[in-house]
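Chemist: Below are the sequence and a predicted model for it; my questions follow.
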Amino acid sequence: MTQSVVRKGHPLGLHRVLEPSGVLPQPAWRLDSRPVCYDNELLIDVLRLNIDSASFSQLKEEAGGDPEAVKRRIAEIVRERGKMHNPVTGSGGMLIGRVVEVGPRFPDQHLQVGDKIATLVSLTLTPLHLKSIEDVEMKTGQVEVTGKAVLFASGPFARLPEDLSERVVLAALDVCGAPAQTARLVKPGQTVIVMGAGGKSGLLCLYQAKKQVGPKGRVIALEYGQQACDDIAALGLPDELIRVDATDPVAVLTEVEQVTDGGLADVTINCVNVPGTELPAILATKDGGTVCFFSMAVRFTSAALGAEGVGKDVQMMIGNGYARGHAALTLEILRECEGLRKLYVSRYAGSAHRV
């Protein structure tokens, strides 16, 4: 009588690393993406990817705006690396899918085959095997695919709620660390700047920051795109809305000094998805203040040397994509703020999906 072989996995996914040896899955160049379930893994039938903003902007630029070229490049990256890990930006995204198999040692044994979930870890460390790419939404960075993915024992996830569109949930949960960290950082009465305020993470941070500062605080939105500015204005979330190029340090400093009477910000939250915004964020923040960088386009050396070069004593933080309760907090924002929810639906779900 033969016995089936139980594949034993490491909780951090070390058993999936192919190249180079001795590193964790995220910094690894290549992962084993075979669609088999180790004893402590979750095997997922992937429905849709959400490519992170910095990565998708780079992919679109490289492809000259051609959706078919974007499809080919995504397929190449996944085939080469066993994960969706953009080698230029170093970033990934996240996914939604259905549970195919639950390993006997996977931490959550309440999951059932067929449950729909969103992974709350980056695609840069998620073993991914794609059979096909059906559609790429060029405005949102969402990609409809057929394939399988693996979630390690250490990987958080969220069950998809029934009261919100899947595409809206995917878009929101991709950046759910941002409003959660905003809730931790921002205190009543502070002046807070949100850079890139009209994007996915920026809008959520605006709402949470306004909630945190209370009636005696101020929230200032910085955004460059005209449509995004119009959307922010319609929501009425910030106390001040400034249309400015976030890569222009002099322009940012001038505008912020003017609206704060030279006081600058206690907290600056940078959600811009292009490089070159490190120094503007630092200049907009008062000495002793905090700058939190949520963008995957931020360069550590530019931030560190930039602050030194202008003599700014600010605390700089890299926004952690994970925070306890971040998914629940983000979905609750969409439930609390009807205008924000409708904007998310119009951008990411389309008229065919429920509000």
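Modeler: Nice, thanks for sending it over. Numbering: from 1, shown residues only.
Chemist: partner strands of the helix or strand encompassing residue 145, parallel or antiparallel?
Modeler: Applying DSSP states H and E as the criterion places residue 145 in strand 142-151. The pairing partners recorded for strand 142-151 under DSSP bridges are strand 42-51 (antiparallel), strand 128-137 (antiparallel).
Chemist: Dump those strands to JSON lines, plus distance to residue 255.
Modeler: C-beta coordinates here come from the backbone N, C-alpha and C atoms, glycine included. Converted to JSON lines, these look like this (distance: least, C-beta to C-beta, whole Å):
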{"stretch": "strand 42-51", "distance to residue 255": "31"}
{"stretch": "strand 128-137", "distance to residue 255": "33"}
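Chemist: Identify whichever of these lies nearest to residue 341.
Modeler: Counting by C-beta to C-beta, residue 341 lies closest to strand 42-51 out of the strands paired with strand 142-151; the figure is 17.6 Å.
Chemist: any idea of the mean pLDDT in the helix or strand following the strand holding residue 145?
Modeler: Sequence order places strand 157-159 as the next helix or strand after strand 142-151, per DSSP H and E. Averaged over strand 157-159, pLDDT sits at 93.
Chemist: Show me what strand 157-159 is packed up against.
Modeler: strand 116-119 (3 or more C-beta pairs under 8 Å, 6 or more residues apart in numbering; DSSP states H and E).
Chemist: What ranges does the chain have for its strands?
Modeler: 17-19, 30-31, 42-51, 93-102, 116-119, 128-137, 142-151, 157-159, 191-195, 218-223, 240-243, 265-270, 285-293, 315-318 (DSSP state E).
Chemist: Output the ones you listed in CSV; the columns should cover mean neighbour count and distance to residue 346.
Modeler: Output for these, formatted as CSV (neighbours: other C-beta atoms under 10 Å; distance: least, C-beta to C-beta, whole Å):
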stretch, mean neighbour count, distance to residue 346
strand 17-19, 17, 41
strand 30-31, 19, 36
strand 42-51, 24, 17
strand 93-102, 21, 20
strand 116-119, 21, 21
strand 128-137, 17, 13
strand 142-151, 22, 14
strand 157-159, 19, 23
strand 191-195, 30, 20
strand 218-223, 27, 17
strand 240-243, 18, 19
strand 265-270, 28, 24
strand 285-293, 20, 28
strand 315-318, 16, 31
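Chemist: Between those, which one is closest to residue 259.
Modeler: For those, the distance to residue 259 is smallest for strand 240-243, at 4.9 Å, taking C-beta to C-beta.
Chemist: Please find the angle between the direction vectors of the strand holding residue 145 and strand 93-102.
Modeler: 50 degrees (axes from the mean of the first three to the mean of the last three C-alpha atoms, to 10 degrees).
Chemist: Centre of the chain to strand 142-151, how far?
Modeler: On the basis of C-alpha atoms, centre = their mean, to the nearest Å, strand 142-151 sits 17 Å off its chain's mean C-alpha point.
Chemist: Report how many residues lie close to the closest residue to residue 175 other than its chain neighbours.
Modeler: With C-beta to C-beta, 6 or more residues apart in numbering as the criterion, residue 175 has its nearest non-adjacent residue at 3.7 Å, and that residue is residue 201. For residue 201, the tally of surrounding residues (other C-beta atoms under 10 Å) stands at 29.
Chemist: Can you tell me how far residue 201 is from residue 194?
Modeler: 9 Å (C-beta to C-beta, to the nearest Å).
Chemist: related to what we said a few turns ago, now render the strands of the chain as JSON lines, adding distance to residue 69.
Modeler: Below are these laid out as JSON lines (distance: least, C-beta to C-beta, whole Å):
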{"stretch": "strand 17-19", "distance to residue 69": "27"}
{"stretch": "strand 30-31", "distance to residue 69": "23"}
{"stretch": "strand 42-51", "distance to residue 69": "14"}
{"stretch": "strand 93-102", "distance to residue 69": "18"}
{"stretch": "strand 116-119", "distance to residue 69": "26"}
{"stretch": "strand 128-137", "distance to residue 69": "10"}
{"stretch": "strand 142-151", "distance to residue 69": "13"}
{"stretch": "strand 157-159", "distance to residue 69": "31"}
{"stretch": "strand 191-195", "distance to residue 69": "30"}
{"stretch": "strand 218-223", "distance to residue 69": "29"}
{"stretch": "strand 240-243", "distance to residue 69": "32"}
{"stretch": "strand 265-270", "distance to residue 69": "30"}
{"stretch": "strand 285-293", "distance to residue 69": "30"}
{"stretch": "strand 315-318", "distance to residue 69": "31"}
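Chemist: quick one: which of the ones you listed is nearest residue 211?
Modeler: It is, among these and with distance given as C-beta to C-beta, strand 218-223, at 9.5 Å.
Chemist: how far out from the middle of the chain is the closest one?
Modeler: With C-alpha atoms, centre = their mean, you get 20 Å for strand 218-223.
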